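Student: everything below, folded, please.
(one chain, ligands or ions: 1)
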Amino acid sequence: MKCGHTDSLQCAHIISRKYGHTRTDLDNAFCLCASCHMHFTDNPVEFGQFTIDQIGEDNYQALIVKRRTTSKMDWDEEAERLTVIAQERGLI
Ligand SMILES: [Zn+2]
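Tutor: From the prediction side, this is the model:
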């Protein structure tokens with residue numbers, strides 16, 4: 001989504017994957033090549049600006065709010081939700 005390369009594509013989380021409530025949110029990821037992913041990992045301020053340029057300030061703030069959710073993540077429910085999405089998209 002940054003350079004247009006189609007090799008070595010990776011999922012780059014906007015909010016770190018260490019936060020359960022945003023880890024599998026499909027709006028919390030960009031598809032980046034490995035080089036761009038590494039570049040943004042080393043340049044978080046630039047990544048923040050890229051993020052705002054891509055999804056807008058309001059959506060970025062919504063992710064930050066969601067990240068702060070303190071309830072326990074229900075991973076069984078999340079797996080079911082993602083399975084339905086994958087089926088709808090013909091991925092499984
Ligand atoms: Zn790239």
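
Student: now His39. Its backbone dihedrals?
Tutor: phi -60, psi -50 (degrees, to the nearest 10).

Student: and if you look at Cys11?
Tutor: Torsion angles, degrees, to the nearest 10, at Cys11: phi -90, psi 120.

Student: surely it touches Ala29?
Tutor: Yes - at 5.0 Å, Cys11 and Ala29 qualify as touching, with contact defined as C-beta atoms under 8 Å. (C-beta placed from N, C-alpha, C; glycine too.)

Student: the more surrounded of these two?
Tutor: A direct count of neighbours by other C-beta atoms under 10 Å for Cys11 and Ala29 places Ala29 higher, at 18 against 12.

Student: who's in contact with the more buried one?
Tutor: Ala29 sits next to 11-14 when contact means C-beta atoms under 8 Å, 6 or more residues apart in numbering.

Student: now the residues you listed in CSV, with pLDDT?
Tutor: Shown next, in CSV, are the contacts of Ala29 (pLDDT from 0 to 100):
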residue, pLDDT
Cys11, 95
Ala12, 96
His13, 97
Ile14, 97
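
Student: can you tell me which of those residues are in strands?
Tutor: Counting by DSSP state E, the contacts of Ala29 place 11-13 in strands.

Student: now, among these, which is nearest to Asp42?
Tutor: Ala12 (12.4 Å; C-beta to C-beta).

Student: distance check, the closest one against Thr70.
Tutor: Ala12 sits 25 Å away from Thr70, going by C-beta to C-beta, to the nearest Å.

Student: repeat that for Phe30.
Tutor: 26 Å.

Student: those two - which one has more neighbours?
Tutor: Of the pair Phe30 and Thr70, Phe30 is the one with more neighbours under other C-beta under 10 Å, namely 19 against 5.
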